[in-house]
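>>> Model the structure of this input:
(one chain, ligands or ions: 1)
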Amino acid sequence: MVGADGIRSTVRRLLWPDAAGPVRIGVTAWRGVTPAWDEDIIVAISWDRGAEFGMVPLADGRVYWFAAVNTEPADSAVDELAQVRARFGSWHDPIPALISATDTVLRDDLACLDEPLTTYVKGRVALLGDAAHAMTPNLGQGANQALEDAVVLAAVADRPDGLAAYDRQRRPRSQRVAKASRTIGRFGQQLDNPIAVASHGDVLAGIGSSVLRSPSRVATSAAASPRPGSRHAPTATRWPQCESGRC
Ligand SMILES: Cc1cc2nc3c(=O)[nH]c(=O)nc-3n(C[C@H](O)[C@H](O)[C@H](O)COP(=O)(O)OP(=O)(O)OC[C@H]3O[C@@H](n4cnc5c(N)ncnc54)[C@H](O)[C@@H]3O)c2cc1C
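Take a look at the predicted model:
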């Protein structure tokens, strides 16, 4: 049996009763997608104290964006888009326009499995995806790691030692990625110290690329232009490999 039932996995709770469950990390995140966008957009993340806003042009011409702030967990607001506008509407261009063009947003109070499991396999049961290694989204790797799990599991499933091989191959890498993602969040979006916030872009890019072993994914820091009349001039990190086209 494969337990692929997400961060609040019932399979994990029943068969791994001693494992610590997910913990909230004190961050609320919103995600949205704009309609087709005419202007050029580069993949970029802008930071302020305890907050970030990221944008990613999609292959079909729309723009995916995400926003996150340090918060206490709270009930969903009646109008989540208004919450985003209130928090990020005075940030630099094109952030206000991206928010205004968006109809609906997803909101999540972020959580992760802070204590890594000692095994992903018990008897004939294997955990996969967030059930095994729910991580913060700072590296954009939760679903990617679930897919890697699935590929490896499918490749070894009919071997006598298949589940042990799955655990051996997948646990170290997925837990390393989860740890790096948590670290990037702590020293990135969650940072509240103004001096640290101003200088952390290159450090974060270094952590991410060393774990994922993808040298092309190295970011460069760039000062984002403040919006006229805006108090916010967050630092921005650009992903150069995406500048020539949409990602
Ligand atoms: C704000 C945010 C941004 C993210 N950004 C990215 C990103 O850019 N890139 C990336 O790779 N990942 C990202 N992720 C992470 C990604 O969403 C998850 O890692 C991924 O969805 C995990 O997939 P999963 O199949 O393991 O779990 P889930 O997607 O949670 O699916 C679990 C499924 O199991 C079902 N289920 C639960 N309990 C039962 C039950 N008892 N019986 C039957 N079915 C059950 C659920 O209904 C659900 O369909 C992000 C997450 C968040 C919150």
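>>> Show me where this structure has its helices.
Assigned helices in the chain, in chain order: 10-15, 80-88, 95-100, 130-133, 142-156, 162-186, 194-199, 201-212 (criterion: DSSP state H).
>>> Make CSV out of those and add mean pLDDT and distance to A67.
For glycine as for every other residue, the C-beta is placed from the backbone atoms N, C-alpha and C. Listed next are the helices of the chain as CSV, based on pLDDT from 0 to 100; distance: least, Cβ to Cβ, whole Å:
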stretch, mean pLDDT, distance to A67
helix 10-15, 98, 30
helix 80-88, 95, 5
helix 95-100, 97, 8
helix 130-133, 98, 21
helix 142-156, 98, 18
helix 162-186, 96, 14
helix 194-199, 68, 16
helix 201-212, 59, 17
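>>> Looking at those helices, which is nearest to the ligand?
Closest approach to the ligand among those (Cβ to the nearest ligand atom): helix 142-156, 2.2 Å.
>>> before we move on, back to that, relative to D109, which of the helices of the chain is closest?
helix 80-88 (12.0 Å; Cβ to Cβ).
>>> Please save the CA atoms from the lengthiest strand in the chain in CSV.
In the chain, taking DSSP state E as the definition, the longest strand is strand 23-33. What follows is strand 23-33 as a C-alpha-only set of coordinates in CSV (Å, rounded to 0.1, in the frame of the first residue of the first chain):
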residue,chain,number,x,y,z
VAL,A,23,4.0,21.9,12.7
ARG,A,24,2.9,25.3,11.6
ILE,A,25,5.8,27.7,10.8
GLY,A,26,4.1,31.0,11.4
VAL,A,27,3.7,32.0,7.8
THR,A,28,0.7,32.6,5.7
ALA,A,29,1.0,32.3,1.9
TRP,A,30,-1.2,33.3,-1.0
ARG,A,31,-1.0,32.2,-4.6
GLY,A,32,-2.7,33.5,-7.7
VAL,A,33,-2.5,33.4,-11.5
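>>> May I see the buried residues of that strand?
Within strand 23-33, the residues that count as buried by 16 or more other Cβ atoms under 10 Å are I25, V27, T28, A29, W30, R31, G32, V33.
>>> Stretch 135-146 too?
Of all the residues in stretch 135-146, those buried under the rule 16+ other Cβ under 10 Å are M135, T136, P137, N138, L139, Q141, G142, Q145, A146.
>>> Does the fifth one touch S181 like I think?
Pointing back at L139 there. Yes: counting by Cβ atoms under 8 Å, L139 touches S181, with 4.1 Å between them.
>>> if I look at F187, how far off is the ligand?
Distance of F187 to the ligand, given as Cβ to the nearest ligand atom, to the nearest Å: 18 Å.
>>> need the contact list for A154.
By Cβ atoms under 8 Å, 6 or more residues apart in numbering, no residues touch A154.
>>> Could you do M135 as well?
C112, L113, Q141, G142, Q145, V177, A178, S181, R182.
>>> tell me the mean pLDDT over stretch 110-121?
Averaging pLDDT along stretch 110-121 gives 97.
>>> actually stretch 42-55, sorry about that
91.
>>> ok, back up a step: can you say which of the buried residues of strand 23-33 are also within reach of the ligand?
Residues of the buried residues of strand 23-33 in contact with the ligand (Cβ under 6 Å from any ligand atom): A29, R31.
>>> Tell me the residues of this structure that contact the ligand?
Counting by Cβ under 6 Å from any ligand atom, the chain sits next to the ligand at 4-6, 10, 29, 31, 108, 129-131, 137, 140-144, 146.
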